[in-house]
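[1] predicted model and sequence below, questions to follow.
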Amino acid sequence: MTLDTITRLPLRAHLAFGTVLLFVAAGVLGPLLAPFDPTRTSPQDRLSPPGSTLSDGTTAWLGTDQVGQDLLAEVLAGMRTSLTVAVVTVLIGGGVGLLLGLLAGYFGGWSDGIISRVGDIQLAFPSLLLAILLAGVLGPSMVNVIIALAVTRWVIFARVVRGSALAVRDREFVHSARVMGASPARIMLYYILPSCLPPLLVAATVQVGLTMVAEASLSFLGLGVPTTQASWGSTIAQGRDYLASAWWIAAVPGLALALVVVAIGILGDLLRDASDPMTELS
Amino acid sequence: MTERSPQAYGQPPRDGGLLTRLLEVDGLAVEFDTRKGPLRAVRGVSFHVEACETLAIVGESGSGKSVTAQALLGLVPSRARITAGSIAIEGRDVTGLSDAEWRELRGERIAMIFQDPLSALNPSLTVGYQIAEMFRRHRGTGRAQARRYAAELMAQVGIPDAARRLDDHPHRFSGGMRQRVMIAMALALDPVLLVADEPTTALDVTVQAQILRLLRQRREADRLGMIIISHDLGVVARVADRVAVMYAGQIVETGTVPEVYGRPAHPYTLGLMRAVPALRGTGSTLTAIEGQPPDLAEPPTGCSFHPRCPLARERCREEAPEPRELSHGRAVTCHFAEEVLDDA
Amino acid sequence: MTFFIGRRLAQALLQIWGAITIVFVALRVLPGDPAELILGSQATPDQLTELRAQLGLDDPLLVQYVRHLGDVVRLDFGESWRQGMAALDATLVRLGPTLSLAVWAMVFTVVLGFLSGTYAARHANSPIDHLISVTSLVGQALPPFWIGIMLSLIFARGLQILPSTADGTMASLLLPAFTLALPFVGWLGRLVRTGILEEMNQDYVRTAQAKGLSRRVVFYVHVLRNTLVPVVTMLGLLMGNFIANGVIVEVVFAWPGIGTLLVDSISFRDYAVVEAVLTVVTICYIILNLLVDLLYGYLDPRIQLENA
């Protein structure tokens, strides 16, 4: 991508990309700037509104929660949790989906039959309920949340990859590679895989946003990360009990989540437009 | 080669003595708004249609013939508008009619059938409903009565087992049967004018002949004035009385079919006739003239045909020819029509 | 057509079997001893052994699985140890509130989605069209549980015009139903808008105009009917989503449906109820999907031909 094409991108692209970049930076660097310690409490500072000066002289720009924690630190730590879960889940789910989608799309036949059938059966099970069931049975931990969410995501990636693989499987350049004696593994890696990547990337972007919402939902229900770790979902759940006195506890993490998910959604749309040559014609 | 309707030439028309002029188009111009600016798709077209008469408008795609046909029903696309001229249906100027006034004309006085009957019929409604709708919406006929009328109409246009097929959807019919349904629907309310936009282009050759025969029958039976839009000279020869040749948004030549086919007076018409060696078969298309039709956003100076014309001279580049009458009912838009006539 | 229905029915049965198996695997095969979970950490080894035998947990997994399938076919999910009644009964008692929530969410979605989609299509590319599309984008991205909390913050705490938790009145239904509907309103609106704009360009619309039909008839009888076919089939899927996604919204508003029951039962390891809830919800979901496909075949006559 040249500088010229970057400057010609629509405004919302810049805004969305800027937002995502800001949140990623905050998630990575945040704990250094505003350390979050879930065990520390500060009763005299509890439920302070945004902008208050705390007992130790610092300013709580986003207010404090019911035990006197600085909400900014909590939101930054939650960002890190959210981002970690989403990225790792999409990497695992995407990796498994890529592998199975390639196998199903390239070989067809019984491998496609089994993989597609299993996918159909799983999709007939509402994905949110599956995540709740798995996370609930496995117990609260970040690894378990990632497992539960990755299990619900792989089908989506596998379907995307299978579709692309099917579309190129019978193209000339694949045939000629086969005639030249290339092994199936080599054909998949060098000929099929590259054309599967753009749609996979679009799906992955969209799924990062959806996974962040899913993680927050599980934590909100108390089935996500343990309470010793910050999560937007659990912060919102706690804030629900203090809506009358401290609305910011529930509002701020949700706002952060909403912002980043909308920004990721816009990026996904832009990527889809960019990877689909047909849209340039219209 | 052509079949003249006995009424038009022999028997007295219904208002006694004079021919009934159903349609009079005078100086019609239609422009499209495009990104490049206005595109003049129809540039000053004049013609008329009498009762029991068929006028064919022939031309390449992009010549403005379909837009002209749409303008006759007030149905030009939303990006287009009529910028000049008048259209009179049964003596009444219809340019500038309101939506409500148009609705009273469409179907009642003037009707239209289209090229592809499958896409022109609503896929999710039964053909019986779509025909009966004419009576129900225009006349307020009751459901059962309208259904009976629809069955009668379907039988009249030659759909076998009509009563039983009322409740079938369009996809259940063959192409020819679908076009019969379209004709039944168009003629439901006994309009005086029928506009047929490429009515047989999407059909098989044998089915084409059946549909053309049906159209001729209906013209005789209902004293219809008909306008057939076509690029197919064979179809035109079999069904039309008079022909108007359109090029680049203008009518370059009009006359009876024998006159125009026998002795073309415009070099474009001559080119068309030479491109089709034998007119016996249908499906002969207009492709064999060298060059491309002009860009109507920037039409050529002078005569718009001059870039492709073998007879073009200095005058053709500078001065646009006006339509002039060669003999009664026969007009041509060419500076050197006499040379073309001699040539032919 | 019969072949199509038959094949689709077989597929639905396969999916139901798959769903039962997924639940079985999650609850019985994954690590975690139900007996220990039920009795707690203070239980003596004797008590645990006795309970395991009682629950049939000592048998090989395959035996347990086959027995479980038999139980499910007889709609026997066992006893709920928390509620002291059959797990299925505990579930069915809670099904009513969940369904009424889903139905009202559906009403909101259909009314608002159709209104906004139709309006946007008839005024395509106007400022209001753009506003509708931005709103729908944001509405789809926002986490529903947070929307619910914010709505109750505004309408229940702030303006004090609506109750924030279930009290059996219609008013208490409004917030949860709207929360559940919101993401889908924008989604349906976009679907309706694109559908209408596509249909408006079809040839049959020109025919309908040439027939002298009024704009209203052209739009509502001809265009909308063809737009409805794909949209109506989506509504069944929506209903399934409302039942499944209702879980979180129910928790937010303390709605006494199967969603809160499911989350409570998971927290208290009342697995008989978890099984019953998930099986019931999933069967509803699969049956709705099945109905959608059959309805589609009925509404779009062209489908029948292809499958004939």
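    Structure received. The model shown is predicted, which means the values in this text are computed figures rather than measured ones.

[2] C:Met150 is in contact with A:Leu255, isn't it?
    No - the pair C:Met150 / A:Leu255 is not scored as a contact, 9.0 Å apart, by CB atoms under 8 Å. Any C-beta I mention is one placed from the backbone N, CA and C, and that applies to glycine too.

[3] more crowded one of the two?
    Neighbours per residue (other CB atoms under 10 Å in any protein chain shown) separate C:Met150 from A:Leu255, with C:Met150 holding more: 20 against 17.

[4] go ahead and list the helix or strand containing that one.
    Counting by DSSP states H and E, the element that carries C:Met150 is helix C:144-151.

[5] please see if the following helix or strand past that helix touches chain A.
    From helix C:144-151 onward toward the C-terminus, using DSSP H and E, the following helix or strand is helix C:171-200. No - applying CB under 8 Å from any CB of the partner chain, one finds helix C:171-200 separated from chain A by no less than 10.1 Å.

[6] which secondary structure elements does helix C:171-200 contact?
    Applying 3 or more CB pairs under 8 Å, 6 or more residues apart in numbering or on different chains; DSSP states H and E, we find helix C:171-200 packed against helix C:87-122, helix C:127-141, helix C:144-151, helix C:224-252.

[7] what's the angle from it to helix C:87-122?
    Using axes from the mean of the first three to the mean of the last three CA atoms, to 10 degrees, the direction of helix C:171-200 lies 50 degrees away from that of helix C:87-122.

[8] how far off centre is helix C:171-200?
    Here the centre of helix C:171-200 is set off from its chain's centre by 15 Å, with CA atoms, centre = their mean, to the nearest Å.

[9] per-residue confidence for the residue in the stretch 1-150 of chain C positioned nearest to chain B?
    Going by CB to the nearest CB, chain B is nearest to C:Ala124 of the stretch 1-150 of chain C, at 11.2 Å. For C:Ala124, the model assigns a pLDDT of 82.

[10] give me the nearest residue to it, chain neighbours excluded.
    Residue nearest to C:Ala124 in three dimensions, not counting chain neighbours: C:Leu197, with 6.2 Å by CB to CB, 6 or more residues apart in numbering or on different chains.

[11] the one you found - how many residues pack around it?
    16.

[12] got it, and C:Ser133?
    16.

[13] going along the chain, name the helices of chain B.
    Applying DSSP state H to chain B gives helices spanning B:6-9, B:65-72, B:99-105, B:117-120, B:127-139, B:143-156, B:162-165, B:175-186, B:205-222, B:233-239, B:257-262, B:267-275, B:314-318, B:337-343.

[14] adding distance to A:Ser231, mean pLDDT and mean neighbour count, write these out as TSV.
    As requested, these are arranged in TSV below (distance: least, CB to CB, whole Å; pLDDT from 0 to 100; neighbours: other CB atoms under 10 Å in any protein chain shown):
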stretch	distance to A:Ser231	mean pLDDT	mean neighbour count
helix B:6-9	87	38	15
helix B:65-72	62	92	24
helix B:99-105	59	90	15
helix B:117-120	54	89	22
helix B:127-139	58	93	22
helix B:143-156	62	93	18
helix B:162-165	65	90	16
helix B:175-186	62	92	25
helix B:205-222	69	89	17
helix B:233-239	74	88	24
helix B:257-262	83	91	19
helix B:267-275	77	85	21
helix B:314-318	79	89	14
helix B:337-343	86	81	15
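
[15] now those helices as TSV including distance to A:Ser111?
    Listed next are the helices of chain B as TSV, based on distance: least, CB to CB, whole Å:
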stretch	distance to A:Ser111
helix B:6-9	73
helix B:65-72	52
helix B:99-105	60
helix B:117-120	40
helix B:127-139	47
helix B:143-156	53
helix B:162-165	48
helix B:175-186	43
helix B:205-222	48
helix B:233-239	55
helix B:257-262	66
helix B:267-275	57
helix B:314-318	70
helix B:337-343	71
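
[16] nearest to C:Arg94, of these?
    Closest to C:Arg94 of the helices of chain B is helix B:127-139 (CB to CB; 45.5 Å).

[17] quick one: the closest one to helix B:143-156, angle?
    Helix B:127-139 and helix B:143-156 are oriented at 120 degrees to each other (the same axes, to 10 degrees).

[18] is any part of helix B:127-139 close to chain C?
    Yes - residues of helix B:127-139 are located near chain C by CB under 8 Å from any CB, namely B:133-134, B:137-138.

[19] list the helices and strands that helix packs on?
    The helices and strands touching helix B:127-139, judged by 3+ CB pairs under 8 Å, 6+ apart, are helix B:143-156, helix B:175-186.

[20] so which of those is nearest B:Ser61?
    Among these, the nearest to B:Ser61 by CB to CB is helix B:175-186 (20.1 Å).

[21] which bits of the stretch 1-150 of chain A sit near chain C?
    Within the stretch 1-150 of chain A, the positions adjacent to chain C are A:117, A:120-122, A:124-126, A:128-130, A:132-134, A:136-139 by CB under 8 Å from any CB.

[22] isn't C:Ile266 right up against A:Gly136?
    Yes - using CB under 8 Å, C:Ile266 makes contact with A:Gly136 at a distance of 3.5 Å.

[23] now for these two: what residues contact both?
    Here C:Ile266 and A:Gly136 share the contacting residues A:223, C:274, scored by CB atoms under 8 Å, 6 or more residues apart in numbering or on different chains.

[24] higher neighbour count, these two?
    A:Gly136 (25 against 22).

[25] quick check: which ranges of the stretch 1-150 of chain A have low pLDDT?
    Scanning the stretch 1-150 of chain A for pLDDT under 70 picks out A:1-8, A:38-39, A:57.

[26] on that earlier part again, need phi/psi at the residue of the stretch 1-150 of chain C closest to chain B.
    C:Ala124 adopts backbone torsions of phi -60, psi 140, taken as degrees, to the nearest 10.

[27] right, and it touches C:Thr194 too?
    No - in this structure, C:Ala124 is not within contact of C:Thr194 by CB under 8 Å, at 10.1 Å.

[28] what separation is there between the residue most central in space within chain A and C:Leu235?
    For chain A, the residue nearest the mean C-alpha position is A:Val208 (2.1 Å; CA atoms, centre = their mean). According to CB to CB, to the nearest Å, A:Val208 and C:Leu235 sit 29 Å apart.

[29] number of residues surrounding the residue in chain B positioned nearest to chain A?
    Residue nearest to chain A within chain B: B:Arg35 (13.8 Å; CB to the nearest CB). Using other CB under 10 Å, B:Arg35 is surrounded by 6 other residues.

[30] for it, which residues are in contact?
    Contact analysis of B:Arg35 by CB under 8 Å, 6+ apart lists nothing.

[31] returning to that earlier point: of the residues of the stretch 1-150 of chain A next to chain C, buried ones?
    When neighbours are counted using 16 or more other CB atoms under 10 Å in any protein chain shown, those contain these buried positions: A:121-122, A:124-126, A:128-130, A:132-134, A:136-138.

[32] what about A:Leu99, which helix or strand?
    helix A:71-107.

[33] I'd like to know which elements that helix is packed against.
    So helix A:71-107, by 3+ CB pairs under 8 Å, 6+ apart, packs with helix A:11-33, helix A:109-123, helix A:142-169, helix A:184-187, helix A:193-220, helix A:232-239, helix A:248-275.

[34] for the shortest one, name the packing helices and strands.
    This points to helix A:184-187. By 3+ CB pairs under 8 Å, 6+ apart, helix A:184-187 packs against helix A:71-107, helix A:172-179.

[35] would you list these in JSON lines and tack on mean neighbour count?
    Shown next, in JSON lines, are the helices and strands packed on helix A:184-187 (neighbours: other CB atoms under 10 Å in any protein chain shown):
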{"stretch": "helix A:71-107", "mean neighbour count": "22"}
{"stretch": "helix A:172-179", "mean neighbour count": "12"}
